[in-house]
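Engineer: after the sequence you'll find the predicted model.
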Amino acid sequence: MNDVLAIVVGYLFGSIPFGYIIACAFGIPDIRKYGSGNIGATNAWRVAGPTAGILVAVCDIGKGVLTVLVASYLGGQLLAPEYVKLLAGLAAVLGHLFPVFLLFKGGKGVNTALGVMVTLVPGHALLALAVFVLVVVISRYISLGSILAAAAFILSILIGKLAGWSDVHPVYIPAGLVLALLIVIAHRSNIKRLLDGKENRFSFRSRTEGEVKSNA
């Protein structure tokens, strides 16, 4: 029973719309009506400012970390603890993508997935983060960085297992594939814009309130 509870708690943690809540606290009544319409950290940065964006990123990563910690405490009765932690982590990512508190319309899930994986397999997760930072610095496309980081994460696990460099549980291979697929699917509109040359580049400068409203 506790295993099921851990998974349900993971989904509920993931469903907490920190982007929506924090943007409201910074004077944006409904972040879904501004910028890209996304509740993630990037859009929060653009429409509510850097402080809001950083807070959203930290909170979204934090709910992934917290999910794994809670699952570690609760799980292990019906399934092996590693499976419970992974299932709870996946539930948290699904909660961010399809939050019950926002009628199942959420964000992209990247930061929550990072929080889950940096707690479970920190080496592979930090490698993916490094790829993300490098791609964003070079291209200034957050979406491209997220997609390539997801690919780097699963590739690092596959190569590590095949080469004998990594001793992570084999279950991380299908779990990593599922996470990467979820992130790619969540970015399908961004992929189209990237291919069309219409994707917005990230800027450290947030928009003024007037600019935000005119682009809503």
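Structural biologist: Perfect, I can see it now.

Engineer: ok, residues contacting stretch 172-188?
Structural biologist: The contact list for stretch 172-188 (C-beta atoms under 8 Å, 6 or more residues apart in numbering) reads 86, 89-90, 93-94, 97, 107-110, 113, 116-117, 120-121, 124, 143, 146-147, 150-151, 153-154, 157-158, 161, 191. All C-beta spots, glycine's among them, are computed from the backbone N, C-alpha and C.

Engineer: I figured R193 hits R201, correct?
Structural biologist: No. Checked against C-beta atoms under 8 Å, the pair R193 and R201 is beyond contact range at 11.1 Å.

Engineer: these two: which is more packed in?
Structural biologist: When R193 and R201 are compared for neighbours, R193 comes out ahead with 14 against 10, by other C-beta atoms under 10 Å.

Engineer: for that one, give me its contacts.
Structural biologist: By C-beta under 8 Å, 6+ apart, the neighbours of R193 are S143, E199, N200.

Engineer: tell me which element the first one falls in.
Structural biologist: Assessed by DSSP states H and E, S143 sits inside helix 142-163.

Engineer: please identify the buried residues of that helix?
Structural biologist: 142-150, 152-157, 160-161 (16 or more other C-beta atoms under 10 Å).

Engineer: which residues are contacting that helix?
Structural biologist: Contacts of helix 142-163 (C-beta under 8 Å, 6+ apart): 42, 108, 110, 113, 117, 121, 124-125, 127-129, 131-136, 139, 165-166, 168, 170, 172-173, 176-177, 179-180, 183-184, 187, 190-191, 193-194, 199, 202.

Engineer: let's go with 6 Å and repeat that
Structural biologist: For helix 142-163, contacts defined as C-beta atoms under 6 Å, 6 or more residues apart in numbering pick out 42, 110, 124, 127-128, 131-132, 135-136, 166, 172-173, 176-177, 180, 183-184, 187, 190, 202.

Engineer: report pLDDT for the residue most central in space within the chain.
Structural biologist: In the chain, the centroid-proximal residue (C-alpha atoms, centre = their mean) is V110; its distance is 2.0 Å. Model confidence at V110, given as pLDDT, is 95.
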